[in-house]
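A.B. asks: Can you look at this prediction? I've put the sequence above it.
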Amino acid sequence: MTGDVIERRSMAERWEYMTKFIWASLENAGAREYISKRWPNWNNPAKHTPASMIPELNDWGAQGWELIHMEPIEGVSSDGEIVYAHAGAASRSHYYFCVFKRRLPFEDTPKAADEI
């Protein structure tokens, strides 16, 4: 039984996670160019269209990071905390809280059953 546990542990997928705030803006690097190439007939995209985040998301994806969660937020404070509106009024968001993951390489040395 112990050998089975060691083998399963050594073959288990492992992940690392990253959180990041991404701002939707046509001023983002490569945003205007990407949008005009991808949607050539889109003549007047909104300044804060979510499509403006695609080049940055693609860059993270090219580095092996998979976007697993994205949530619009009211903003980010100067000390990096998420800001939420306290009133029930509708508002627009240009900031997104994103969670990414990427696979870590398998361990070369299996862990003993008592280390699991």
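C.D. replies: Yes, it's here. Numbers count the residues shown, from 1 in each chain.

A.B. asks: low-scoring stretches of this protein, by residue?
C.D. replies: Applying pLDDT under 70 to the chain flags the ranges 1-11, 85-90, 107-116.

A.B. asks: swap the cut-off to 90 and go again
C.D. replies: For the chain, the stretches with pLDDT under 90 are 1-13, 74-93, 105-116.

A.B. asks: quick one: the strands in it?
C.D. replies: 14-23, 66-73, 75-76, 82-83, 95-104 (DSSP state E).

A.B. asks: Switch those over to JSON lines; also include mean neighbour count and distance to His48.
C.D. replies: Using the backbone N, CA and C atoms, a C-beta is placed for each residue, glycine as well. Formatted as JSON lines, the strands of the chain follow (neighbours: other C-beta atoms under 10 Å; distance: least, C-beta to C-beta, whole Å):
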{"stretch": "strand 14-23", "mean neighbour count": "12", "distance to His48": "8"}
{"stretch": "strand 66-73", "mean neighbour count": "13", "distance to His48": "11"}
{"stretch": "strand 75-76", "mean neighbour count": "14", "distance to His48": "12"}
{"stretch": "strand 82-83", "mean neighbour count": "12", "distance to His48": "16"}
{"stretch": "strand 95-104", "mean neighbour count": "16", "distance to His48": "9"}
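
A.B. asks: Dump these to JSON lines, plus distance to Ser52.
C.D. replies: Formatted as JSON lines, the strands of the chain follow (distance: least, C-beta to C-beta, whole Å):
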{"stretch": "strand 14-23", "distance to Ser52": "9"}
{"stretch": "strand 66-73", "distance to Ser52": "14"}
{"stretch": "strand 75-76", "distance to Ser52": "17"}
{"stretch": "strand 82-83", "distance to Ser52": "20"}
{"stretch": "strand 95-104", "distance to Ser52": "11"}
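
A.B. asks: Can you say which of those is nearest to Lys47?
C.D. replies: strand 14-23 (11.2 Å; C-beta to C-beta).
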